[in-house]
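Student: What shape does this take:
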Amino acid sequence: MDETFIKRVYDSKSFNANGFDDCSAELIRCTTETIYSPLWLNMFTKSLLRGEDQHLKDAYNKLQIGKLNKSQQKAFWAIANFFAHNFDKAIWINPIYTDGMFSSNMSELVKRGLVEITLYENDCNTETEYHLSARAAGMLFRGKDEIIKYEELAKYSSVIMCDSIVKKELYFSEKAKVEIERLKTMLSRKGFARAKTILERQKRPSSIISLLWGPPGTGKTETVKQLALETGRDLVLFDLSKVTGSGWGATEKSYRALFRAYKYIAVISDRVPILFLNEADGILSKRLQHMEHGIDKSENIVTNILLEEFESLNGILLATTNLIDNMDEAFYRRFLFKTKLEKPDANARFKIWKSLIPELSDSDARKLAEDYVMSGAQIDNVAVKRNLAELYFAGDRGLVFIKSLCKEELETEHGTKSQGRRIGFVKP
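Tutor: Model prediction:
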């Protein structure tokens, strides 16, 4: 072993007389230049097989790295190192260190499912990107949350951390309550692990994909947040404004990047986050049958990308919509679970009134629940306005005043509904 080389490249903490002390730490800390040096691969492989890093050793065996030739092995470890430092960015390796074998190495790594390739069309040509596969990333870096670059994810989405969600009591119809409880069971740590085993046995992607639908104000968004809180999972919120680009192909690229980043987090983190598509009808809308403009073609490309990502997702995706009829049928079929959240019944409305205005008597709360068919969000609006009224209204804020607020809230609801008229000629 070339001691001069070792002293030049490594510090005293990274190796001993027999090789590397910690192969996982070495893989993360080394550079591409180091990996393509004459001795690194031999020293790394011997240390890995002789050492106690069982996790990385298992990954080496399961991914069959030993069956690659030396040039391909160097390329793979360089890609893994690049991923550890750059997360979801496209791979770039200096050809000086690859012996001119970059293309052939990539072809073999893609063939073996160790590297994924993505092609993007832009104004001038086709752009090729190489990324470490999610399967390989999970095997190599499972549990090493420190390499997850949430700042990269923020380019395409908003992240709501589990511990920032405020606990709220929600009220559902009996049927919806049963379905939500079942979903919560499947999203628990033990439940999700068991669900994945069952899905894999059925030759299906290891994912829970569920849709909550129903009229506005029925608590769909808040239900997803409470599910995240109760199952200890962060929310990755699909942000349409962040993934929609102005340049040709920019939107498609952002969609791919978001789902790729989510897949990486799902296989690395001990807590698989929830990918949340709020108001999903705007994202999963019906494909256009007659494309007349470039923008129409682009929208259909995005829809096809989403269908592909749904099919290959290994994780948790929850979506909500008020307008289920606007959703493409192909997406609707891909939701394994579909739960309709309706306006609460009189009994549920009674409980909501009592929770929001505790000083209401049972009889008054029951009267409001029976007389005004409102959603939970509407009742919440009334309660907030009633409480704020003490700033400007010195009189009684009792039942009569609350009833007047209920009437205003319902009038506002009716006023926002379309009358069904269209601009143009009307048939006689």
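Student: low-scoring stretches of the stretch 301-428 of the chain, by residue?
Tutor: By pLDDT under 70, the low-scoring segments of the stretch 301-428 of the chain are 394-395, 414-428.
Student: Check the stretch 101-250 of the chain too.
Tutor: If you take pLDDT under 70 as the line, the stretch 101-250 of the chain has these spans: 101, 120-125, 245-249.
Student: which residues in it form helices?
Tutor: 102-111, 134-141, 150-153, 174-187, 189-201, 220-231, 240-243, 250-268 (DSSP state H, counting those that start in this stretch).
Student: Can you say which of those helices is nearest to Gly19?
Tutor: Closest to Gly19 of these is helix 134-141 (CB to CB; 18.6 Å). The C-beta positions use only the backbone N, C-alpha and C, and glycine is treated the same way.
Student: can you pull the buried residues of stretch 339-358?
Tutor: Using 16 or more other CB atoms under 10 Å as the test for burial, stretch 339-358 gives 339-341, 343-344, 348-350, 352-357.
Student: What of stretch 27-34?
Tutor: Leu27, Ile28, Arg29, Cys30, Thr32, Thr34.
Student: so of the residues you listed, which ones are in helices?
Tutor: Among the buried residues of stretch 27-34, DSSP state H puts Leu27, Ile28, Arg29, Thr32, Thr34 in helices.
Student: mind checking pLDDT for the first one?
Tutor: The predicted local distance difference test score for Leu27 is 90.
Student: I'd like the helices of the stretch 101-250 of the chain laid out as a markdown table, including mean neighbour count and distance to Lys67.
Tutor: Converted to a markdown table, the helices of the stretch 101-250 of the chain look like this (neighbours: other CB atoms under 10 Å; distance: least, CB to CB, whole Å):
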| stretch | mean neighbour count | distance to Lys67 |
| --- | --- | --- |
| helix 102-111 | 16 | 10 |
| helix 134-141 | 23 | 14 |
| helix 150-153 | 15 | 32 |
| helix 174-187 | 16 | 37 |
| helix 189-201 | 14 | 24 |
| helix 220-231 | 20 | 39 |
| helix 240-243 | 14 | 38 |
| helix 250-268 | 22 | 22 |
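Student: Distance to Asn278 for these - can I get that in JSON lines?
Tutor: Formatted as JSON lines, the helices of the stretch 101-250 of the chain follow (distance: least, CB to CB, whole Å):
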{"stretch": "helix 102-111", "distance to Asn278": "35"}
{"stretch": "helix 134-141", "distance to Asn278": "24"}
{"stretch": "helix 150-153", "distance to Asn278": "17"}
{"stretch": "helix 174-187", "distance to Asn278": "16"}
{"stretch": "helix 189-201", "distance to Asn278": "21"}
{"stretch": "helix 220-231", "distance to Asn278": "6"}
{"stretch": "helix 240-243", "distance to Asn278": "9"}
{"stretch": "helix 250-268", "distance to Asn278": "14"}
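Student: To Val384, which of those lies closest?
Tutor: Comparing the helices of the stretch 101-250 of the chain by CB to CB, helix 220-231 comes nearest, at 14.9 Å.
Student: The closest one: how far from the chain's middle?
Tutor: 14 Å (CA atoms, centre = their mean, to the nearest Å).
Student: Just the ones in strands from the buried residues of stretch 339-358, please.
Tutor: Thr339, Lys340 (DSSP state E).
Student: Closest one of the buried residues of stretch 339-358 to Ile180?
Tutor: When these are compared for distance to Ile180 (CB to CB), Thr339 wins out at 6.6 Å.
Student: Could you give the bridge partners of that closest one?
Tutor: Beta bridges link Thr339 to Leu212, judged by DSSP bridges.
Student: I'd say it and Gly219 touch.
Tutor: No - Thr339 is beyond contact range of Gly219, at 11.3 Å (criterion: CB atoms under 8 Å).
Student: Centre-most residue in this protein?
Tutor: Among the residues of the chain, the one closest to the centroid is Leu275, at 2.5 Å (CA atoms, centre = their mean).
Student: for it, helix, strand, or coil?
Tutor: strand (DSSP: H, G, I helix; E, B strand; the rest coil).
Student: That one and Ile316 touch, don't they?
Tutor: Yes - here Leu275 reaches Ile316: they are 6.7 Å apart, a contact under CB under 8 Å.
Student: separation between Leu318 and Ile35?
Tutor: Per CB to CB, to the nearest Å, Leu318 is found 40 Å from Ile35.
Student: no no, Lys70
Tutor: Going from Lys70 to Ile35 by CB to CB gives 11 Å.
Student: okay, and the common contacts of the two?
Tutor: Leu41 (CB atoms under 8 Å, 6 or more residues apart in numbering).
Student: Those two: which has the busier surroundings?
Tutor: The neighbour comparison of Lys70 against Ile35 (other CB atoms under 10 Å) goes to Ile35, with 23 against 11.
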